[in-house]
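A.B. asks: model the structure of this input:
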Amino acid sequence: MSQAENKLLESLDIALNNKLVVPFINEAISNVTIELTKSNFTSITKNISIDKFNGLLPNQIKLCRIFALKANIKSKVERHTNSPQRTFTYIGEGDTKILENNIWKSNVKKNVGSSIDDRWLSVPENTWHQPIALSNDWITITFHTASEDEIIDEYRD
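C.D. replies: Residues are numbered from 1 along each chain as shown. Okay, the predicted model is just below:
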């Protein structure tokens, strides 16, 4: 990971742990967790207003999403053609497979760990990836440089 990317992830990490942001994030996570538990869906994605971060996010961040995936489930293969994705593991543990040079590479992240690398993953723009929840439900917070109106999400089986 480049020094610039590491610095960006550190700033996102600080924003997520800000005392003004934590209560809102916890409430949003709780609501998504309840919805996931009560539904027949294997995953749920919810957008979070950037305004809730009280100006703490780097200027290039235009979209934040909560992504929840039930335990032992593979999500669809996806890519965001006009935005890199920075993913923070908030609850649980998961493996995001990333397609690099026609080879799927594993990236296991968990909500415990002291380093940015333990909890955060950067997926380059226009890169196929597949989130896989391990033994527990996996809840992540993702950040994009494209706004909600601009982001282009593509999926394949």
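A.B. asks: buried residues in stretch 73-93?
C.D. replies: Residues of stretch 73-93 classed as buried: 75, 77-80, 83-93 (neighbour count, 16 or more other C-beta atoms under 10 Å). For glycine as for every other residue, the C-beta is placed from the backbone atoms N, C-alpha and C.
A.B. asks: in strands, which of these fall?
C.D. replies: Val77, Glu78, Arg79, His80, Gln85, Arg86, Thr87, Phe88, Thr89, Tyr90, Ile91, Glu93 (DSSP state E).
A.B. asks: tell me the two of the residues you listed that are most distant?
C.D. replies: By the measure C-beta to C-beta, Arg79 and Ile91 form the most distant pair in these, at 24.2 Å.
A.B. asks: stretch 60-71 - what's its average pLDDT?
C.D. replies: Mean per-residue pLDDT for stretch 60-71: 97.
A.B. asks: buried ones in that stretch?
C.D. replies: Ile61, Lys62, Leu63, Cys64, Arg65, Ile66, Phe67, Ala68, Leu69, Lys70.
A.B. asks: please report phi then psi for the first one.
C.D. replies: Its backbone dihedrals place Ile61 at phi -80, psi 120, with angles given as degrees, to the nearest 10.
A.B. asks: from memory it sits against Ala146, does it?
C.D. replies: No - taking C-beta atoms under 8 Å as the definition, Ile61 is not a contact partner of Ala146, at 10.0 Å.
A.B. asks: which residues of this protein score low on pLDDT?
C.D. replies: Judged by pLDDT under 70, the chain has no weakly predicted residues.
A.B. asks: where exactly do the helices run in it?
C.D. replies: Taking DSSP state H as the criterion, the chain contains helices spanning 3-16, 22-38, 116-119.
A.B. asks: got TSV for those helices, with mean neighbour count and distance to Ile98 too?
C.D. replies: Output for the helices of the chain, formatted as TSV (neighbours: other C-beta atoms under 10 Å; distance: least, C-beta to C-beta, whole Å):
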stretch	mean neighbour count	distance to Ile98
helix 3-16	15	14
helix 22-38	14	24
helix 116-119	16	15
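A.B. asks: of those helices, which is nearest Ser135?
C.D. replies: Nearest of the helices of the chain (C-beta to C-beta): helix 22-38, 15.7 Å.
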